[in-house]
Structures are given as C-alpha cells and as structure tokens.
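Novice: I need the structure of the sequence given here:
(one chain, ligands or ions: 1)
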Amino acid sequence: MLVLVDLDDTLCNTWEAARYSVLRLVPHLLRRRKFRAFFYILTARYRELEQSREFHTLDFDKLVERVMKKVYAKIQPDELEEITHLVDRVFFSNLRLYPDAIPFLNGLKSLGAKIVLVTDSSTKWQRKKLEYLGIKDYFDALIISGETGHSKLEPHNFRLARRLFPDDEVYMVGDRDDTDMRGGKEIGAITILVQRGYFRGRLAKHADYVVKDLVEALEVIRREHEARAKA
Ligand SMILES: [Mg+2]
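Specialist: This next block holds a predicted model:
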C-alpha cells in the first residue's frame, strides 16, 4: 500500500501563514510607497501564478523577486531583500501542522503504508518547512518539484513515486484538484481531496472522495484497505 501525500494546505496551514505575511507586507509597501505592489495584492492578481510552471518550482525569494519585477521594471536589491526577509519571518512564525496531521501519518504507518510526499515549490523552501514542522522522518521518500524539474501540473512526479514503490493499492491525499487529484488519477490512485486552505471550495473533478479533514481521509483509506483485503 502506497500513500502519496501533499504538504501545503494538506498537512500544514501554508495559505494561512502566507496570508499573515501578506498582511504584514501591506503597511510596509505603503510606507515605502510601493502602491503598485499593494494593488497587485489587493486585486488578487497573484491568482495568475496558479497555472505558472515556474511558480511551482521556484525558490520563495526568487518568487518574490519575480513578482516584484513583474510589477516594477526596476527594483533595488536591498528593497527586495527587505521584503523577502519580512515575508519569510512572518510566514515561518505562523506556519504550523494541522492538528490531525500527526495522527494521520501515524495511522498510515500502522496500516503498513509506504508514505511519499509529493510537493510543489523549491527544494530549499520545502525542506525548510519539513525541518521546521519536524515531520521529515515520516516519509519513505520526498518528491519535490524544484528537484525533479516537473510541477504537479504534469504527471511526472506521480509516476516517479509509483516507480519508487510499485504497488497496486495507491492513494493520493491532497487539497488541490487540478494537481493532486488529477495527478493521482494518472497513476490509478484512489484520490482523496481534503477541502481546506487556498483551494477550498473549488470544483472537485478528479477526486474519488471529498473530505473535510485528515481524520476522514484516514477513515476512507482504512475502509478501502479492508474492503480490498476481503475481496
Ligand atoms: Mg497543497
């Protein structure tokens, strides 16, 4: 039994922590008279990043740099550093595991599952989060888009997970339909969408199950696993 698990907004509150960062960034931008960057946030133009391959593999500071350079043709390196530093500090002081994350991972272990983390973003940022959250050792493998060069908008990372641990019984647990669920379907996994975080409320087209938290996700996996054992 193989379980692929997403990190951001599935195991930890990434969107919430990022929102705190942005809230702290707003007065900073206004003080620095960076009105265009302020409107970029206000008008939610960051949504354009959702489908960008780069956004899913870049380092966080590179991402901030990319956005600021999009908004301003020219930006001073020290200004940029100040912004990245502020965002990073506020982000990590607000980042935490959801309370059901550890019981979920332990539950999977007790079912004898191989657990593979399949996550977008850069190596540095994702590893820093794992270190900070203290959950790295739960995983039999880490597949990070910044390392493989492929985002979860493509099937590559899901196929890679399956190649590492060939198994007929595969589950994919994540919060995003067009990456986690679609990628899971590509490799014949049972897909379980946890509705929380940034993508909550979006239409679920590729999910076999839609659940509200990881307690329910574990129940689904347990039930499917037992049904298979009987069959
Ligand atoms: Mg996610």
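Novice: could you list every residue that touches residue 100?
Specialist: Residue 100 sits next to 213-215 when contact means CB atoms under 8 Å, 6 or more residues apart in numbering. No exception for glycine: its C-beta is placed from N, CA and C like everyone else's.
Novice: try 10 Å this time
Specialist: For residue 100, the contact set (CB atoms under 10 Å, 6 or more residues apart in numbering) comprises 11, 107, 194, 213-218.
Novice: What of residue 141?
Specialist: Contacts for residue 141 (CB under 10 Å, 6+ apart) come out as 4, 114-118, 160-161, 164-165.
Novice: Mark out where each domain of this structure begins and ends.
Specialist: Domain assignment for the chain by automatic domain parsing gives 2-13+96-230, 15-94.
Novice: How about the residues of this structure by the ion?
Specialist: 6, 8-9, 175 (CB under 5 Å from the ion).
Novice: Turn those residues into TSV, columns for pLDDT, distance to residue 140 and neighbour count.
Specialist: Output for the residues of the chain next to the ion, formatted as TSV (pLDDT from 0 to 100; distance: CB to CB, whole Å; neighbours: other CB atoms under 10 Å):
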residue	pLDDT	distance to residue 140	neighbour count
6	98	15	24
8	94	20	23
9	95	22	23
175	96	21	24
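Novice: of these, closest to residue 69?
Specialist: Comparing the residues of the chain next to the ion against residue 69 with CB to CB places residue 8 closest, at 23.8 Å.
Novice: And the next helix or strand past the helix or strand residue 62 falls within?
Specialist: Element membership of residue 62 [criterion: DSSP states H and E] is helix 60-71. Next helix or strand after helix 60-71 toward the C-terminus (DSSP H and E): helix 77-94.
Novice: Against which helices or strands is that following helix packed?
Specialist: Applying 3 or more CB pairs under 10 Å, 6 or more residues apart in numbering; DSSP states H and E, one finds that helix 77-94 contacts helix 14-31, helix 60-71, helix 123-133.
Novice: buried set for the helix or strand of the chain with the lowest mean pLDDT?
Specialist: Using mean pLDDT, DSSP states H and E, the weakest-scoring helix or strand in the chain turns out to be helix 60-71, at a mean of 80. For helix 60-71, burial by neighbour count (16 or more other CB atoms under 10 Å) applies to 60-65, 67-68, 71.
Novice: that older thread, of the contacts of residue 141, keep whichever come out buried.
Specialist: Of the contacts of residue 141, these count as buried by 16+ other CB under 10 Å: 4, 114-118, 160-161, 165.
Novice: For these, which two are the farthest from each other?
Specialist: Maximum distance among these (CB to CB): 14.8 Å, for 115 and 160.
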